[in-house]
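Student: Let's see this in three dimensions:
(chains A, B and C)
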Amino acid sequence: MKQLVIPDVSLGAVGPEIVLVVTAILLLLLEVFTARKEKGYLAYTALGGVLLASAMTANMNGYTEMNFSGMYVVDNFASFFKLVCLLGTGMTILVSVTYTINEGISNGEYYALLLFATSGMFFMISGSDMVTIFMGLEVMSISLYALAGYTRNREKSNEAALKYFVLGALASAFLLYGIALIYGATGSTKLAIIGDSLRTGIANYHLIIIGAALLVVGFGFKISAVPFHMWAPDVYQGAPAPVTAFMSSGPKAATFAAFLRVFNEALPSMQADWWQIFWILSVMTMTVGNIMALRQTDVKRMLAYSSIAHAGYILMGFTTGDWFGVSAILFYMLVYTFMNIGVFAVVTIVARKNEEKTTFEDYTGLGYKHPIIGVTLVVLLFSLIGIPPTAGFVGKFYIFMSALQQGYVWLVIIAVVNSVISVFYYLRLTIVMYMTEETTEALPSLSLSPSLVTALIISIYGSLWLGVMPSSYITFAQAASLIP
Amino acid sequence: MTGLKLIWIVPILPLLGAITNGLIGKLLSKRAVTFVALGSTGFSALFALFAFIELLSLDPSSRISESILFTWIESDKFIAEAGIQIDPLSGVFMLIVTGVGFLIHIYSVGYMGHEDGYSRYFAYLNLFMFSMLLLVLGNNFLIMFIGWEGVGLCSYLLIGYYYDKNSAVDAGKKAFVVNRIGDFGFILAIMWIFWTFGSIDYTSVFPVAHEVLPIGGFTVTGITLLLFIGATGKSAQIPLYTWLPDAMEGPTPVSALIHAATMVTAGVYMVARCNALFNIAPTSMIVVASIGAITALFAATMGLYQYDIKRVLAYSTVSQLGYMFLACGLGAYVAAVFHVITHAFFKACLFLGSGSVIHGLSGEQDMRQMGGLKKLMPLTHITFLISTLAIAGIPVFAGFFSKDEILLSAFFGETQGHLIYWALATTAAAVTSFYMFRLYYLTFSGVLRSTDQHVRDHVHESPPVMTAPLAILAGLAILGGLLGLPIIKDAHILKSFLAPVFSTRGAIEQPHPPMQIEFLLMAVSVGVAVIGIMVARYFYYTNPESAKKLAKKEGWIKIVYRTIQNKYYVDEIYDAIFVKPIFLASRDLLWRIFDMKVIDGLVNGIANFFYKLSQTIRKTQTGFVRNYAMIMVLGVVAVISVWFIVLGD
Amino acid sequence: MLTVNHYLALSGILFVIGTVGVLSKRNIIVVMMCIELMLNAVNLTFITFANYLNDMTGHLFVFMVMAVAGAEAVVGLAIVVALFRNRETLNIDKLNILKN
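Tutor: Residues are numbered from 1 along each chain as shown, chains lettered A, B, ... in the order given. Reported below is the predicted structural model:
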């Protein structure tokens, strides 16, 4: 019989999470006690929570600490990803303010779910034990299932939620099985101990391989790596636009964080094997994503495929297994969050009530009717293409360089060819925007609230400033790189 | 020296102009927009001139100045500093860009005066100036690439300037996409350079290139070929030239600035800048020279059939760029840069002249509707004639000197097959002088053929704001050749000025040819040019149309008419035997089949392939959850089996 | 005598049955039950290993999984209810608006 050990509880380490969860619960309560007219303030309450959590997270930057019996770690790597997630959440809240009012959906639960999902991401990012990572992943996923179906009167939203739920649960089951097998092989769920037992070679090799492969599936699903990407286009298209924005940034970043931590801390001794798996996944993901995007007619769906393609580029950083690749992933995730949420903010604006206007034709002449929105979207799309001096270019260049450093010449060539292909569909949208075919029906004018404008300004700032002066952010990303 | 440290002001000024006009241009009066646009470029040009004079005052060996503005990307493996560098090569380009750019800005005030989106136009144009200056003044490959993409972007925006014309939008898109294909090569080359040298700064790559890389090795050949792919895209060489003729959809001053004088020469600049790499890659040099020579002739024949005045000039630009690459490929970088300079003058003048013609004829671009403008637009006519003579390679005019230098280096070159290059280039010169004078006669001689009364009534000479730049450029098209004096001696002004930039290591030494042969060759090139002019005169000046009018009169004129008719008959025979086949070949074989089917087909074919592929794979996305789950499970099986079978013990 | 391998085989078989169920069943409720089956199969694996390794983490994990499965079922059923209101079907193959 083992002796009962009281674990070390360090509430300071989970301060941001506590703030997020408490704010979320507060929102649920406020929802009941707030008059209908004043519900708009709930968004700002949520935003306050996010800002407070950001401040606390930023404050933690610089020190490394293990807490809760080694189940929870606070380090630069975690802080960086947490800030990226908070950025995503904060911008999503800004984008959602008008959306929730226009669609007439209840505020409190919506923002509470966003914050719960964010807290889940935090546990994934900081988890140094499979238990923590799995719990975080589920908290995040379950909130996202609900968010995807949040506009419950729209059939598309229902369908998206159900597809996401069924496939997500299936992926979770695979992930869980993988964890179980690794646990069986190594006798622990702690990443450090798994790593040690693999290094000493006492673990059952076959169980580990199957387990690791199942982990790839489980995480690959969340980052929409081909062939586990099938849910992404349908869900992105069906889910409410701000939720799609949210899904494409924070959850992806958090999954990448957990993915990186698991493979680099628990399975580094198998790097010789798994880089090849990631090589194949990366190529498949970017190629399928880009090619599928070419013929889309719905902008949200096109962006879903573009998001898949970007996951493919990010996976390139995985193959390297060194600090350079990891810091490239960190930087790319930051850039991607800035630009992608900005694009979805524009999609939200253009979509109008009930999200009816999401096809390419609905963007006809946007550039003239609303020059500022038009230029904003063009800048963001150029950043997604990776045209200098936008941040997208630096992100791509950095990540391609990291792969080249390891001598993956072919991978880089394929990636560059892919980014040439991607020009076609992004450019298609900008061209449609600057065509002047008179539309027959008079559309209601676009509503630009201050919060949306703020979101757009932030994303433009990120997409340009990180392209012109990326140096300090890159230093930050390198300091946060997991591998020394 | 201090002046050179402040060189960053040169690109920054147009950027400020672009920002001002782009953001608040709509609120400003037209006069204020003009003031901002012209002021920023004017001061930029002035400053560039001062900087250049300061550069000249330095000792030739120390004519280089680098100023680091800020660190762009830094890591312990890799550092890229955003910096500006001026040396003779970038100095020359800087002068062309700011000088010609400023003139074209002035011209645009008149040309675009009646257009909507005046401030938008100038914002784009200033942005272009900024990007182009960044391209030539950058101190590393990344900065060059940023400028490279920037000019491509501005070109795309300006081609599609008349956004209500679908053809303009399509042309813009085509330019953008084709350029991206070239950029693909460029960015790969940059990464490869970085990988090989651990740096992308010019100063840490070029001086050590010959030590790090063996001559003709795989790496250097690969890098230079990839660089050259980038150059073919930007400088419209075979096979990526198709976007340039379509780019003529943009406003004419844009065609003059971007698609003739500056942006399209960026490829030449890049190859010249990387001469240290190209010199040690003989295979790449042969590729560059061959593509250049073939493009020069091919594009020239393409110009034969066109009736759109701007398209003729576009093909001629492609052809002239071919000359520049031929020179680069032969190692005669100075000749290439020399031709860039003279070409900037006379081609900008030609484009602006054509713009003046189009402006005077209320937007008419078809040469069949022109004619007789000699008297109606005298200033335009005289400047156009000067530039036409310059491009045809008639002595005294600038084009003669630079073209002749290229022909000479081809004739005396040591590259294998240099005589073939010489023959190709000389033939191209003959064709050039023919189609350019065809253009000249169709436009300016005879009578105005347009039947549109509105056009006929409104023919007018352009305002001074447009003709003044024409006059200045025409003057430069005459005087520009002085840079190449004395042409016989080994080192002329330009050559000794540029000498520090071009490494002699591994370079093909130009032998000292006997003077008599040089004169003979000069005579040959002038001879073919004159023959071209005479043939053009014969067909387009001795006009069958006027002959028909004579026929209607009675008396002795009838006899005259008969002889003329006989001539016409000769014409017909000649036409049938000689001209028609060439024309048909030019039109059907080259233009229709090669240009449209093969090249466009290749580009479109690749695009279509991906579209088809996209359409096919899309079907896998059935929308059925169970199918998705099935694919996921198969993925699981695949990952596990790959891990076991491929990677397993 | 039942060894570890027997338990592992059983849980593996249950997991596969669950997977096949997800792939072949059309009724959404049945699909959800199959997912539950998969999770429980994993639980069995955890318990087996925990017992074999004489380690408590596996037990802990099982409780976590049960909690998660409960939460998942709640949200899943809520989604199904919302869906049923709009579409009046539980056939997963009828959900086909979003495709290509």
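Student: Enumerate every residue touching residue C:23.
Tutor: By CB atoms under 8 Å, 6 or more residues apart in numbering or on different chains, residue C:23 lies in contact with B:626, B:629, B:630, B:633. All C-beta spots, glycine's among them, are computed from the backbone N, C-alpha and C.
Student: For the closest residue to chain C within the stretch 501-649 of chain B, what are phi and psi?
Tutor: Of all residues in the stretch 501-649 of chain B, residue B:623 sits closest to chain C, at 2.8 Å by CB to the nearest CB. Dihedral pair for residue B:623: phi 90, psi -10, per degrees, to the nearest 10.
Student: For it, which non-adjacent residue is spatially closest?
Tutor: residue C:99 (2.8 Å; CB to CB, 6 or more residues apart in numbering or on different chains).
Student: Make sure I have this right: that neighbour is in a helix.
Tutor: No: Residue C:99 sits outside any helix when classified using DSSP: H, G, I helix; E, B strand; the rest coil, being coil.
Student: And the helices in the stretch 101-250 of chain A?
Tutor: Using DSSP state H, counting those that start in this stretch, the helices of the stretch 101-250 of chain A run over A:107-126, A:130-148, A:155-186, A:191-200, A:205-222, A:231-238, A:241-261.
Student: possible to save these as a markdown table with mean neighbour count and mean pLDDT?
Tutor: Formatted as a markdown table, the helices of the stretch 101-250 of chain A follow (neighbours: other CB atoms under 10 Å in any protein chain shown; pLDDT from 0 to 100):
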| stretch | mean neighbour count | mean pLDDT |
| --- | --- | --- |
| helix A:107-126 | 27 | 93 |
| helix A:130-148 | 25 | 94 |
| helix A:155-186 | 26 | 93 |
| helix A:191-200 | 18 | 89 |
| helix A:205-222 | 24 | 90 |
| helix A:231-238 | 28 | 92 |
| helix A:241-261 | 28 | 93 |
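Student: Distance to residue B:386 for those helices - can I get that in TSV?
Tutor: Formatted as TSV, the helices of the stretch 101-250 of chain A follow (distance: least, CB to CB, whole Å):
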stretch	distance to residue B:386
helix A:107-126	70
helix A:130-148	70
helix A:155-186	67
helix A:191-200	77
helix A:205-222	67
helix A:231-238	61
helix A:241-261	59
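Student: Give the other helices and strands that the helix or strand hosting residue A:404 contacts.
Tutor: Under the criterion of DSSP states H and E, residue A:404 resides in helix A:391-405. When contacts are defined as 3 or more CB pairs under 8 Å, 6 or more residues apart in numbering or on different chains; DSSP states H and E, helix A:391-405 packs onto helix A:299-320, helix A:323-351, helix A:371-385, helix A:409-433, helix A:450-468, strand B:65-75, helix B:166-197.
Student: Between those, which has the poorest mean confidence score?
Tutor: Lowest mean pLDDT within those: strand B:65-75, at a mean of 78.
Student: so how far is that strand off the chain centroid?
Tutor: In terms of CA atoms, centre = their mean, to the nearest Å, the gap separating the centre of strand B:65-75 from the centre of its chain is 30 Å.
Student: which helices and strands sit right next to the next helix or strand after that strand?
Tutor: Scanning forward in sequence from strand B:65-75 by DSSP H and E, the next helix or strand is strand B:78-86. Applying 3+ CB pairs under 8 Å, 6+ apart, one finds that strand B:78-86 contacts strand B:65-75, helix B:118-137, helix B:141-159.
Student: show me where pLDDT drops low in the stretch 401-550 of chain B?
Tutor: Residues of the stretch 401-550 of chain B meeting the criterion pLDDT under 70: B:485-491, B:503-513, B:543-550.
Student: Could you pull out the helices in it for me?
Tutor: Under the criterion DSSP H, counting those that start in this stretch, helices of the stretch 401-550 of chain B are mapped to B:418-444, B:453-458, B:464-479, B:493-498, B:515-540, B:544-551.
Student: is stretch A:308-318 anywhere near chain C?
Tutor: No: judged by CB under 8 Å from any CB of the partner chain, stretch A:308-318 and chain C are separated, with a smallest distance of 14.4 Å.
Student: C-alpha coordinates for that stretch, CSV please?
Tutor: Extracted in CSV, the C-alpha atoms of stretch A:308-318 (Å, rounded to 0.1, in the frame of the first residue of the first chain):
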residue,chain,number,x,y,z
ILE,A,308,-6.1,22.9,-43.6
ALA,A,309,-3.4,23.9,-45.9
HIS,A,310,-1.9,26.1,-43.3
ALA,A,311,-1.9,23.3,-40.8
GLY,A,312,0.2,21.4,-43.4
TYR,A,313,2.8,24.2,-43.5
ILE,A,314,2.9,24.2,-39.7
LEU,A,315,3.4,20.5,-39.6
MET,A,316,6.7,21.1,-41.5
GLY,A,317,8.0,22.6,-38.3
PHE,A,318,7.3,19.3,-36.6
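Student: Do any residues in that stretch lie close to chain B?
Tutor: No: applying CB under 8 Å from any CB, one finds stretch A:308-318 separated from chain B by no less than 11.2 Å.
Student: Distance from that stretch to the middle of the chain?
Tutor: Stretch A:308-318 has its C-alpha centroid displaced from the chain centroid by 12 Å (CA atoms, centre = their mean).
Student: ok and the residue in the stretch 301-450 of chain B nearest chain A?
Tutor: Taking CB to the nearest CB, the stretch 301-450 of chain B has residue B:363 as its residue nearest chain A, at 19.4 Å.
Student: Ramachandran coordinates for that residue?
Tutor: The phi/psi pair for residue B:363 (degrees, to the nearest 10) is phi 90, psi 10.
Student: How about residue A:151?
Tutor: In terms of degrees, to the nearest 10, the main-chain angles of residue A:151 are phi -80, psi 80.
Student: Quick one: residues contacting it.
Tutor: Counting by CB under 8 Å, 6+ apart, residue A:151 has contacts A:103, A:105, A:157, A:240, A:355.
Student: likewise residue A:426?
Tutor: Each residue near residue A:426 by CB under 8 Å, 6+ apart is listed here: A:306, A:381, A:382, A:384, A:385.
Student: Would you check which pair of those residues lies furthest apart?
Tutor: For the contacts of residue A:426, the farthest-apart pair by CB to CB is A:306 and A:382; their separation is 13.0 Å.
Student: Can you flag the buried ones in the contacts of residue C:23?
Tutor: The neighbour count (16 or more other CB atoms under 10 Å in any protein chain shown) marks B:626, B:629, B:633 as buried among these.
Student: Columns distance to residue B:130 on top of those residues, output as JSON lines?
Tutor: Formatted as JSON lines, the buried ones among the contacts of residue C:23 follow (distance: CB to CB, whole Å):
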{"residue": "B:626", "distance to residue B:130": "56"}
{"residue": "B:629", "distance to residue B:130": "53"}
{"residue": "B:633", "distance to residue B:130": "54"}
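Student: Run a quick neighbour tally on residue B:523.
Tutor: Using other CB atoms under 10 Å in any protein chain shown, residue B:523 has 10 neighbouring residues.
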